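**Q** What follows is a predicted structure for the sequence shown.
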Amino acid sequence: MTEQEWLRTGSAATAGGPPPRTTGRVPQWVNRRTLLGGAMAGAALTLLPSPGQSPASAAPRRQGPGAFPFPEHPNGKGEFAVLVTGDAGTGDEAQYAVAAAARDLCEAEGIGLAVGLGDNIYENGPESDDDSEFQDKFEKPNSGIDVPWLMVLGNHDCSGLIPGSGGDPSRGDREVAYAATSRRWYMPDRYYSVPLPAADPLVEFFAIDTIPWSSYVAQLDPHYRWDGPYMREQRSWLEGALRASRARWKVVIGHHPYLNNGKHGSAGSYDGFEIGNYTSGVHLKDMYEKVVCGRADLILSGHDHTLQILEPTARTGGTRQVVCGASAKTEDGVAHFGHPAAWQNFSDHGFMVLKVSGARLTIDAYTVDVATRKATLRHRARQTRPVAGAAPAHA
Ligand SMILES: [Fe+2]
């Protein structure tokens, strides 16, 4: 079968043929997949990995041998404390400085879990399942932060020939595969959920893949088109998972933000684009508004290299947007938009710590001085009432 014949077959099946039976990652009617770096990048063929399992809810959690265990009990302060980082994967001095400053806080804060909000491996994502970049841009900088890291895919993790294009989502499979051999890196699938504690969840994290809805180029692989099986299934999964969750607090983690005062702007008008199925993020906006807003307490995002704790509003259905993408890079120092913010910073490197108890959800925002590798607490935001409000309060 030629590539063109394959593409026609895939398009026909997606548009009107018999519904493809899929696993959530790879349709079974496909035995080969185009490796496409986007409309401008040309195409090449590659063999597919075996179809993966369904998107993971976290039980049982799939971790590699020797992986650091998930916290199953609150820390000494009665909280689950989570380090939040984003856009960290440069391997340069700033990444090391931010990680060092965060590491100093881990013991005092009782941090038992970490989050990496995408752009984990600049500039184009890993070249293989065991690329040395995993060591240089993740394991070495984060040495000593010995907890599971919930990782999500960023546009730079899924790029082909054009850095940051997001035009080759299949590259994300390498980051999923890497999780099988890392003690820290947790990514059992391209999207997944993790309830804590597993037996009687107080908080549940829903990790999503925002890339095919926000890429700078059109997705030419029909599996990853904005209306293709992968994104339809992810949206359906998230809707069901949020509805079914028994956790008091619900936190969606994904690379691209819903709302954003930084230069990239908000979903539906990313980088000034307001039309088209890609780049603008119009379909991600629709998903956030119809599936997430009013159901999740927080959206944690990166992409913009800034620190923002936005206010929950009627527009968001009470959901709070947080942007935490300054763990290796910074932005231009100014706000480009005016969404109500509790606190925001467009100049400094930094990270955040999310603390969850039955009584409250707390977000601490820290900036980091790269020269001294020291963190300074800049803002603390608290909320005491879950958005959904259905789950009983834990003690
Ligand atoms: Fe990004």
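**A** Yep, it's here.

**Q** wait, isn't Ala94 in contact with Gly350?
**A** No: using C-beta atoms under 8 Å, Ala94 is not in contact with Gly350; the gap is 10.4 Å. Heads up, the C-betas are built off the backbone N, CA and C, glycines and all.

**Q** Show me which of these two is the more surrounded one.
**A** Taking neighbours as other C-beta atoms under 10 Å, Ala94 and Gly350 compare with Gly350 leading, 27 against 19.

**Q** ok, for that one, nearest residue in space, not its chain neighbours?
**A** Residue nearest to Gly350 in three dimensions, not counting chain neighbours: Thr367, with 4.3 Å by C-beta to C-beta, 6 or more residues apart in numbering.

**Q** So that neighbour versus the ion, what's the distance?
**A** Going from Thr367 to the ion by C-beta to the ion, to the nearest Å gives 20 Å.

**Q** same deal with Glu72?
**A** Using C-beta to the ion, Glu72 is found at 32 Å from the ion.

**Q** helix/strand/coil for that residue?
**A** With DSSP: H, G, I helix; E, B strand; the rest coil as the basis, Glu72 sits in coil.

**Q** In space, what's closest to it - neighbours in sequence excluded?
**A** Pro197 (4.5 Å).

**Q** Just the pLDDT for that neighbour.
**A** Per-residue pLDDT puts Pro197 at 95.

**Q** Please tell me I have it right and it contacts Arg61.
**A** No: Pro197 is not in contact with Arg61 according to C-beta under 8 Å; the separation is 11.5 Å.

**Q** shared neighbours of these two, which are they?
**A** Contact criterion C-beta atoms under 8 Å, 6 or more residues apart in numbering; residues shared by Pro197 and Arg61: Phe70.

**Q** Neighbours of the closest residue in space to Trp185 that isn't next to it in sequence, how many?
**A** Distances taken as C-beta to C-beta, 6+ apart place Ala179 nearest to Trp185, at 5.0 Å, with adjacent residues excluded. Using other C-beta under 10 Å, the number of residues around Ala179 comes to 21.

**Q** now swap in Ala371 and tell me
**A** 8.

**Q** one step back: so how far is Asp146 from the residue nearest to Glu72?
**A** Distance of Pro197 to Asp146, computed by C-beta to C-beta, to the nearest Å: 19 Å.

**Q** Tell me how many other residues surround Leu259.
**A** The local packing of Leu259 (other C-beta under 10 Å) involves 28 other residues.

**Q** err, His336, not the other one
**A** Residues near His336, counting by other C-beta under 10 Å: 15.

**Q** again, but for Asp173
**A** Neighbourhood size, Asp173 [other C-beta under 10 Å]: 22.

**Q** Doesn't it lie inside a helix?
**A** Yes: assessed by three-state DSSP, Asp173 belongs to a helix.

**Q** If you count contacts, what does the helix or strand encompassing Val353 end up packed against?
**A** Counting by DSSP states H and E, the element that carries Val353 is strand 349-356. Under the contact definition 3 or more C-beta pairs under 8 Å, 6 or more residues apart in numbering; DSSP states H and E, strand 349-356 sits against strand 80-85, helix 93-109, strand 320-324, strand 361-369, strand 374-383.

**Q** packing partners for the third one?
**A** This points to strand 320-324. Counting by 3+ C-beta pairs under 8 Å, 6+ apart, strand 320-324 packs on strand 80-85, strand 298-301, strand 307-310, strand 349-356.

**Q** which stretch among the ones you listed comes nearest the ion?
**A** The ion lies closest to strand 298-301 among the helices and strands packed on strand 320-324, at 9.5 Å (C-beta to the ion).

**Q** Any part of the closest one near the ion?
**A** No: Strand 298-301 does not reach the ion (C-beta under 5 Å from the ion); its nearest approach is 9.5 Å.

**Q** 38 is where my numbering starts, stick with that
**A** New numbering, starting at 38: the last item is strand 335-338.

**Q** Can you tell me what sits against that strand?
**A** By C-beta under 8 Å, 6+ apart, strand 335-338 touches 121, 123, 152, 154, 286-295, 297, 325, 329, 356-362, 391, 398, 400.

**Q** Buried ones among these?
**A** Among the contacts of strand 335-338, those classed as buried by 16 or more other C-beta atoms under 10 Å are 121, 123, 152, 154, 286-295, 297, 325, 329, 356-362, 391, 398, 400.

**Q** From these, list the ones also adjacent to the ion.
**A** Among these, no residue lies close to the ion (C-beta under 5 Å from the ion).

**Q** Ser196 contacts Ile158, correct?
**A** No: in this structure Ser196 lies outside contact range of Ile158 using C-beta under 8 Å: 9.9 Å.

**Q** show me what contacts the residue in the stretch 238-387 of the chain that the ion sits nearest to?
**A** The minimum distance from the stretch 238-387 of the chain to the ion, using C-beta to the ion, falls at His340 (3.9 Å). Residues in contact with His340 (C-beta under 8 Å, 6+ apart) are 123-124, 155-156, 191-192, 292-294, 297, 301, 360, 362.

**Q** Thanks again, I'm all set now.
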